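[1] Here is the input, now give the coordinates:
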Amino acid sequence: MFSIKSLAVVATLAFGAISSVIAAPAPGESNNILARCGCDSASTIITDVTASVQVYTNQLRALAAADVTVDAVTPIVKGISGVLVDATVKINALVGADANIVLATVDGTAQVTVSVLAQLVATLVADIFGAIGVILNLGGVVGISAVIAVFASLGEVLGYFCCCCFSVVAAAGLDIKAAISLLIGGDILAVMARLNVSILKVALGIKL
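    Sure, this is the predicted structure:
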């Protein structure tokens, strides 16, 4: 499993901060700022992550109680963690980037709003913890404590990715944490509490 410290080190060593300001498009040039700079924004990264992890969360949702073992869930969890690790590196590469890039919409033609960006993060959180919740609610799972430990480690990786998102977009002028807290349902909070995902609890100021 990936540790929180190792994620930070990888992100720091792999990328320098993006600091150049993208000029306005020349006549006849695309107004897609992301296409012009060949880079990602926070919204494109989060959207891509959500699409990529759905392959794995669907696998979790498809498991029957008799099939839920540490050996069965570990490869799925590693798959999700790998996607999140890659995305964390990309998010941290936006440190110091022009706010117009960081906050660009998915199509690169406008600036994303607090509500839209918060919804993107909340959707990712709900998909992953929702899939875990399906497993936790099955009942009759042998060795569930060991399975929960595997899921808890995934929760910390997800939490670190989210915290990096919060930090990067806050530096660009948007605070999305309060908006996300309002979007997370009670069922998802129950899963977070059972896994004791402390990093998200502290970051969002949630009482579990």
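
[2] List of residues touching stretch 166-183?
    With contacts defined as CB atoms under 8 Å, 6 or more residues apart in numbering, stretch 166-183 is touched by 42, 91-92, 94-97, 99, 102-103, 112, 114-115, 117-119, 121-122, 125, 165, 203-206. Glycine gets a C-beta too; all of them are placed from N, C-alpha and C.

[3] Identify the element of secondary structure that residue 174 sits within.
    Using DSSP states H and E, residue 174 sits in no helix or strand.

[4] and if you look at residue 115?
    Assigned by DSSP H and E, residue 115 falls within helix 114-136.

[5] list the buried ones in that helix?
    By 16 or more other CB atoms under 10 Å, the buried positions in helix 114-136 come out as 114, 117-122, 124-133, 135-136.

[6] Can you list the helices and strands that the helix or strand encompassing residue 47 packs against?
    Using DSSP H and E, residue 47 sits in helix 42-61. The contact analysis (3 or more CB pairs under 8 Å, 6 or more residues apart in numbering; DSSP states H and E) places helix 42-61 against helix 70-92, helix 114-136, helix 144-171.

[7] With distance to residue 53 as added columns, please give the ones you listed in TSV.
    Listed next are these as TSV, based on distance: least, CB to CB, whole Å:
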stretch	distance to residue 53
helix 70-92	5
helix 114-136	6
helix 144-171	9
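
[8] In a markdown table: those, plus distance to residue 196 and mean pLDDT.
    What follows is these, written out as a markdown table (distance: least, CB to CB, whole Å; pLDDT from 0 to 100):
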| stretch | distance to residue 196 | mean pLDDT |
| --- | --- | --- |
| helix 70-92 | 16 | 97 |
| helix 114-136 | 13 | 96 |
| helix 144-171 | 6 | 95 |
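
[9] quick one, the helix holding residue 115 and helix 42-61 angle?
    Angle of helix 114-136 versus helix 42-61, following axes from the mean of the first three to the mean of the last three CA atoms, to 10 degrees, is 20 degrees.

[10] now the angle from helix 114-136 to helix 144-171?
    Going by the same axes, to 10 degrees, helix 114-136 is angled at 170 degrees with respect to helix 144-171.

[11] Could you check the pLDDT of the residue lying closest to residue 44 once chain neighbours are set aside?
    Spatial nearest neighbour of residue 44, excluding adjacent residues (CB to CB, 6 or more residues apart in numbering): residue 106 at 5.4 Å. Here, the pLDDT recorded for residue 106 equals 91.

[12] Would you mind confirming that residue 106 makes contact with residue 47?
    Yes: judged on CB atoms under 8 Å, residue 106 makes contact with residue 47 at a distance of 5.6 Å.

[13] From residue 154, how far off is the closest residue in space to residue 110 that isn't next to it in sequence?
    Computed as CB to CB, 6+ apart, the closest residue to residue 110 that is not its neighbour in sequence is residue 104, at 7.5 Å. According to CB to CB, to the nearest Å, residue 104 and residue 154 sit 29 Å apart.
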